[in-house]
Each structure stands twice: as structure tokens, then as C-alpha cells.
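> make a model of this:
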Amino acid sequence: AQSWKGISETAVEQTAVVPTLIHGTIPTDIDGTLYLHGAGRVKLNDALHYGHWFDGDALATALRFDGNGSLPVFNAKYVETVRFLAQGNETQRFLTNGAWTQATDWYNRVLSTPLDPSNTNLLFFANHLYSLCEGGYPVQLDPHTLHTIDNHYNFNGQLRSFFSAHPKTYFNEQLQSEVLINIGLSIAPPSTAFGLYVYAILDDDRETFLHTQHISLPYNCLVHDFLVTQNYVVIVVSPYVIRSINILKSVLLGLDALANYAEWRPEYGSYVYVLDKYTLELIASSQIRTISFWHWINGFDEAATAASFSSASNIIRGRLVAFPPDKRSELEYRMKNLFKDDTVADITPDLFGGILELEIHFDEHRIIQVQYHNLSTLNS
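From the prediction side, this is the model:
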């Protein structure tokens with residue numbers, strides 16, 4: 001096996017570890033805590049890996065500097081999700097379902113939804129620390145000890161959906177406060193149709209939800225990231241879909257893990273949604289060409305000019321890393337098997353494509369046109 005795959009070995013918790021100073025001094029203006037997050041356990045033993053390392057149990061870490069030039073203090077602790085607590089010290093079989101991982105015993109597979117690993121990002125907001133993953137609710141952690149406080153946090157009953165892992169914040173001049181914007185996938189049984197909530201949350205003691213918007217998605221897909229500009233929120237969804245019949249096969253009958261039913265269907269096209277950043281009002285939406293991606297890079301608003309489309313009053317330019325659509329299935333396969341299959345050597349740059357800029361022209365009623373500009377490839 002390639003030596004770098006050793007990073008998949010199970011991490012251990014650490015408490016109040018002080019590193020050794022090799023050279024130099026600690027700057028006195030470094031004051032605060034660096035929180036980092038990831039999958040600390042991706043296998044129960046060497047022969048029993050989670051179905052995907054994205055399913056791995058979350059390990060939260062904190063490196064704390066006190067600002068007086070002394071050495072920092074490091075802590076690492078597993079996030080005590082419902083799944084992590086249920087699994088406990090069992091290392092020979094899976095006791096619950098994950099997105100890509102089935103419980104070992106049939107009676108734990110049937111009539112069971114996948115449990116969230118909460119392993120994607122840590123968010124410090126309104127003096128609280130949250131562990132996030134798009135397939136579940138936030139997990140509230142103690143910002144000092146990293147101990148789990150609440151593994152199903154719902155913002156005092158205000159949250160109506162899952163809570164995604166890549167929120168954005170901006171300073172609202174009128175409110176004189178930070179505002180957090182995030183999205184969250186929703187499913188309302190008995191329906192199997194996916195919806196998407198968009199939230200604007202005030203940085204106050206109550207974490208007040210200022211605005212909430214709901215979008216009915218064109219197909220059942222995950223929405224991993226979104227873009228916030230000076231005045232708008234932009235959401236693009238891609239057709240990596242799970243058909244309703246396959247949701248029932250997974251959740252009711254336990255025939256396979258839910259995410260293993262995901263299919264890349266480029267013929268469905270992608271969709272773009274533009275919302276007002278300050279009210280979350282849905283301004284315009286449209287089907288566009290198929291875009292395969294996970295993350296935005298950046299974006300900005302641009303004033304329409306005489307050279308622009310005559311009926312366009314607004315232009316947004318947003319950049320993202322676009323994968324070649326014809327290689328999306330191969331990319332997903334390699335990512336899934338990266339650590340558990342030695343025949344998967346690496347993830348080559350050609351699978352990640354390059355930087356694509358979307359130039360979105362719209363008015364207060366509709367998307368007028370979207371232009372596409374290929375700026376670079378990751379091989380260059």
C-alpha cells in the first residue's frame with residue numbers, strides 16, 4: 001500500500017498536549033484558538049472499513065494560543081454523535097447505518113435512516129462551537145474541552161432541516177451584527193422528495209433566525225456549498241441523484257446504503273437559484289447546463305453595462321472548481337475507495353477539471369442568460 005494511506009489509521013484523543021519548541025519563539029500577537037475537524041476513524045479494524053471515508057467518525061481538534069508568547073495547548077476529542085455512541089467499543093461489526101455504510105446485521109439495516117458522522121467542519125458562532133455535516137443536525141461542543149453538549153442541536157427549535165457544513169457570515173450594517181447564512185436539506189416523510197432550506201441567523205444570545213426560505217429541488221440531490229456575494233445568495237444544484245424508489249429500498253428494506261444508490265445523471269441538467277442576501281427572497285431560477293462540482297471559490301456582483309444583455313439589470317460572476325461531467329462517476333468511485341482498496345492509487349488532477357466562471361445575467365423576475373468561462377485547468 002502507498003505510505004500516505006497511513007493517514008487513515010485511527011486517531012486517538014489527546015488532552016492538554018503542549019508541543020516541543022524546536023526553533024524560534026511564539027509571536028505574542030497570536031491569541032485565539034484554531035479549530036480543525038475531520039474523520040478520525042474510518043475503519044473498525046484493518047479488515048472492516050466504513051463504506052466511504054466520508055462516513056468516518058468525527059475528531060474535533062483545538063490548538064489554543066493565549067497571546068503571551070507561551071506554547072499553545074492542543075486537544076483532540078471524538079464528537080459523540082448518536083452513531084458514535086451506539087457503536088461504542090464494538091470493532092467487529094457495524095451497529096448502525098451510515099450514508100455509505102450498512103449495519104452488519106439485517107435487523108439494524110431495515111426501517112433505518114443513515115446516521116450523521118458530523119465530520120466535515122467546525123463552526124464557532126455566537127460564542128458556541130458546532131460540529132457540522134450536511135446529512136444531519138449540528139452537534140454542539142464545549143469550545144474549551146471539545147466535549148459534546150448536544151448531539152441534535154436545533155437552535156432552540158428554529159431549525160427545520162439538516163444544517164450544512166459550509167455556512168457563510170457577513171456583517172450587516174443595518175443590524176450592526178454578524179449574520180450567518182446556511183442551507184439545509186429537508187425530507188418530510190412519507191414524501192421522498194428533497195427540499196432545501198436557506199437560513200439567515202443573527203449573532204446574538206438567542207441565535208435568532210431572521211429569515212427562512214424553502215426551495216423545492218428539481219430532483220433528489222445533496223447541495224454541498226453555495227455562494228454569497230455583496231447582495232445575493234447563489235445556489236447551483238447538480239444531478240447526482242437518488243431516485244425515490246431507491247430511498248425506499250435503502251431505508252425500508254435495507255438492501256444497500258443510501259448513498260450507494262446515487263447516480264450521475266447529466267441529462268437532467270443543473271439548476272441555479274438567486275436569492276436576495278438580506279431577505280432570502282427567491283429572485284430568479286433557471287435550468288442551466290450540467291455542472292459537476294462540490295465547492296465555490298468566490299464571486300462578486302457586477303453592474304450591467306451597455307454591452308450587456310439589454311434587459312439584464314444585474315450580473316453575478318461566480319467561480320467554482322468544475323469536474324469533467326464525463327468523469328464524475330470515476331471520481332466518486334476513487335474517493336469512496338481511496339483508503340480501503342489498494343488498487344486505487346490516487347486521485348489524479350484530470351478528475352478535478354479546472355476553474356469555471358459563471359456569468360449570471362438576471363432581473364427581478366428571471367434568469368436571462370448564463371455564460372460559462374473556462375479559466376484554467378488543474379493540470380496547468
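
> buried set for the longest helix belonging to the chain?
Taking DSSP state H as the criterion, the chain has its longest helix at helix 328-337. Neighbour-count burial for helix 328-337, counted by 16 or more other Cβ atoms under 10 Å, picks out 328, 330-332, 334, 336-337. In short, each C-beta sits where N, CA and C put it, glycine included.

> tell me which two of those residues sit farthest apart.
Comparing all pairs in the buried residues of helix 328-337 by Cβ to Cβ, the longest separation belongs to 328 and 337, at 15.3 Å.

> for the stretch 251-380 of the chain, what spans make up the strands?
Secondary structure of the stretch 251-380 of the chain, counting by DSSP state E, counting those that start in this stretch: strands at 263-264, 270-276, 282-288, 292-302, 314-323, 354-362, 367-377.

> now do the third one and strand 354-362, the angle between them.
So that's strand 282-288. On the basis of axes from the mean of the first three to the mean of the last three Cα atoms, to 10 degrees, strand 282-288 is oriented at 130 degrees to strand 354-362.

> and the contacts of strand 282-288?
Residues from elsewhere that reach strand 282-288 (Cβ atoms under 8 Å, 6 or more residues apart in numbering): 213, 215, 218, 232, 236, 269-276, 362-367, 370.

> any idea how far that strand is from the chain center?
With Cα atoms, centre = their mean, to the nearest Å as the basis, strand 282-288 stands 22 Å off its chain's centre.

> and for the second one?
Computed by Cα atoms, centre = their mean, the separation of strand 270-276 from the middle of its chain amounts to 18 Å.

> element containing the residue nearest the centre of the chain, please.
Centroid check for the chain by Cα atoms, centre = their mean gives residue 165 as the closest residue, at 3.8 Å. Using DSSP states H and E, residue 165 sits within no helix or strand.

> filter the contacts of strand 282-288 to the buried ones?
Burial by neighbour count, judged by 16+ other Cβ under 10 Å, picks out 213, 215, 218, 232, 236, 269-275, 362, 367, 370 from the contacts of strand 282-288.

> give me the contact list for the least confident helix or strand in the chain by mean pLDDT.
Counting by mean pLDDT, DSSP states H and E, the chain has its least confident helix or strand at strand 367-377, which shows a mean of 92. With Cβ under 8 Å, 6+ apart as the test, strand 367-377 has contacts from 272, 274, 284-286, 288-289, 309, 311-312, 319, 349, 353-362.

> what's the ChimeraX line that selects buried ones from the residues you listed?
Per 16+ other Cβ under 10 Å, the buried members of those correspond to this ChimeraX selection:
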select :272,274,284,285,286,288,312,319,353,354,356,357,358,360,361,362
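
> low-confidence ranges, the stretch 251-380 of the chain, go.
Scanning the stretch 251-380 of the chain with the threshold set as pLDDT under 70 gives 304-312, 379-380.
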